[in-house]
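Undergrad: Build me a structure from this.
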Amino acid sequence: MEGLTMARPAPEFIATSAPAFAWLDDAVRQFGPRPVLDFLGRRMTYAELGRQVNVAAAGLQALGVAKGVNVGLCLPNCPYSIILYFAVLKAGGTVVNYNPLYTLREIEAQVKLTRTTIMVTLDLALIQDKIGPLASLFRHVIVCSMAAVLPPLKALAFRLIKRKELARIPVGAPYVTFAQLIAGAPMPQPVSIDVAHDIAVLQFTGGTTGTPKAAMLTHANLSANIQQIRLAFPPVAAGQERILAVLPFFHVFAMTAVMNLGISYGLEILLLPRLDLKILMQTIVKRRPTILPGVPTLFTAICNAAQSGGITDFSFLKFCVSGGAPLSAEVLDRFERLTGCAILEGYGLSETSPAVCFNRADHIKRGSVGPAMPGTTIEIRDPANPEILLPQGVRGEICVRGPQVMLGYFEKPEETAAVMTAGALRTGDIGYLDEDGCLFIVDRIKDLIICGGYNVYPRVIEEAAYQHQAVQDAIAIGIYDKYRGQCPKLFVTLRPGHDAAPEEILAFLAKHLNKIEIPKSVEIRDSLPKTMVGKLSKKELIEEEKIRVK
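TA: I've put the predicted structure just below:
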């Protein structure tokens, strides 16, 4: 095996076997009177959270939740997101995370795929307009009151001013209110969890188009990944820190690295239902989070808002974590100049619970997502022939082994077999390992542009674009070219107060890219498509170009 690309797992890491909800039980015992969350000014202690989770778990068991029962959570970030997540697990069921901004068609396909029989939602028309038409698919629809978890004055204002946003909920089956759910026994019946095989979460992967796939994450997967992140993170003062939760919990990054991890440390979670820049900056200034997880576009937005609002004091931040999408050097430098706080970049996937790599605070390697998590092995394999391991420094497909790797895709054995090679998960990402075992990601295989027979990586073009002082966001895609088959096209937005013409950006790129990589055109837009997590999204632009060619 000498000379092959492989990051050795840390031999000292042995994941302890515990159900995913054990972290909450431990935190309730240790930090009972301390606050666990602040939701728009309404706070809850660990003791109260523990009580509500137990009562809700008992209520779920009364509705038939047990092993093998899949319970959907179609919720934005709110106290119910945490309560029902842990209640489902304690009742023995499986959580199925749903994006409440998905279309009715997309949610219906996912419900049928996962055989979700109970759905948890809010009394908001935005969600109920999509869940209501599917009500016949569920044994029960648990509806939670948004006003009930707001501070008293905000709750009153919400009922008066936002009443048009509230849905009319039918009375009777299959509908159950949250108040009815928690009206029964104070404690659930204990459930024996097989941590290695019982599925805790079904996590949908990648995007909203194509056939949905749900990664089966066991209790052992989630528990191991929390332990791995705790070993890789900088020191955190248990029971004393505050972590900002603006990333949605239905996304695997926030589920593990914000909610589960925060609770494991006894942190106070500053919970925001969506990315509202005004509320976000007010929360940052007033509540002074010490840990800030985000995606690159969030750090850009914070920089813009802070500079326009004259906010300069970020001394309370201990460290920030970036994941979900590549972090450009320009965004990293700008944020760190503004705040004086380091951003530690990591890498993961829904299939790996999600964390695979993470930069260590005492050894940050620019452009890298860091070394493998403890107990994790990274292999670089030939994409055309995954049986072949490639030498150190050579680009190939990133493959992962570790206790955080999923069991497979729910009821999709062929798709599962396609992403496993010799027991390792094929990620679909291209990268390489350096001499220190740090991983550098080049691009996704599916985003690769084949230009006249040459491989062009969109990320290389985007990184070059970010070096232009006027560029804020950049997306490069492959478009049809009669001569070369495909060629690159670049879409950008400009930073506030800056101006640039497409020709100027093209001339700038010509100095930083080779001839094959230079985009055929640059299109400047007011905004670029993003996912709800805040990641820049290529698929809408690709679809636009397909229509344009037709």
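Undergrad: Run through the neighbouring helices and strands of the longest helix seen in the chain.
TA: The helix of greatest length in the chain, counted in residues with DSSP state H as the criterion, is given as helix 46-62. Taking 3 or more Cβ pairs under 8 Å, 6 or more residues apart in numbering; DSSP states H and E as the contact definition, the neighbouring helices and strands of helix 46-62 are helix 22-31, strand 35-39, helix 79-91, helix 178-181. Every residue, glycine included, has its C-beta placed from N, CA and C.
Undergrad: Now tabulate these in TSV and tack on mean neighbour count.
TA: Compiled in TSV, the helices and strands packed on helix 46-62 are given as follows (neighbours: other Cβ atoms under 10 Å):
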stretch	mean neighbour count
helix 22-31	18
strand 35-39	23
helix 79-91	26
helix 178-181	18
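Undergrad: Including mean pLDDT and distance to Ser264, could these go into a markdown table?
TA: Output for the helices and strands packed on helix 46-62, formatted as a markdown table (pLDDT from 0 to 100; distance: least, Cβ to Cβ, whole Å):
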| stretch | mean pLDDT | distance to Ser264 |
| --- | --- | --- |
| helix 22-31 | 98 | 4 |
| strand 35-39 | 98 | 12 |
| helix 79-91 | 98 | 12 |
| helix 178-181 | 98 | 26 |
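Undergrad: For His363, find the nearest of these.
TA: With distances scored as Cβ to Cβ, the stretch of those nearest to His363 is helix 22-31 (27.6 Å).
Undergrad: Now the residue nearest to Pro403 when sequence neighbours are not counted: phi and psi?
TA: Distances taken as Cβ to Cβ, 6 or more residues apart in numbering put Ala224 closest to Pro403, at 3.9 Å, once the chain neighbours are dropped. Backbone torsions for Ala224, taken as degrees, to the nearest 10, come to phi -60, psi -40.
Undergrad: re earlier: show me what the longest helix of the chain is in contact with.
TA: Surrounding helix 46-62, the residues in contact under the criterion Cβ atoms under 8 Å, 6 or more residues apart in numbering are 21, 24-25, 27-28, 31-37, 71, 82-84, 86-88, 90-93, 118, 178, 180-189, 266.
Undergrad: Please report the distance of Phe250 from Val96.
TA: Plainly put, Phe250 is 10 Å away from Val96 if you go by Cβ to Cβ, to the nearest Å.
Undergrad: any residues in contact with both of these two?
TA: Between them, Phe250 and Val96 have Leu73 as joint contacts when contacts are counted by Cβ under 8 Å, 6+ apart.
Undergrad: How far off centre is whichever helix or strand comes after the longest helix of the chain?
TA: Elements were assigned by DSSP states H and E; along the chain past helix 46-62, the next helix or strand is strand 70-74. Taking Cα atoms, centre = their mean, to the nearest Å, one finds strand 70-74 lying 17 Å from the centre of the chain it belongs to.
Undergrad: so what's the nearest residue to Tyr457 once chain neighbours are set aside up against?
TA: On the basis of Cβ to Cβ, 6+ apart, the spatially nearest residue to Tyr457 that is not a chain neighbour turns out to be Asp443, at 4.0 Å. Asp443 makes contacts with 429-430, 457-460, as judged by Cβ under 8 Å, 6+ apart.
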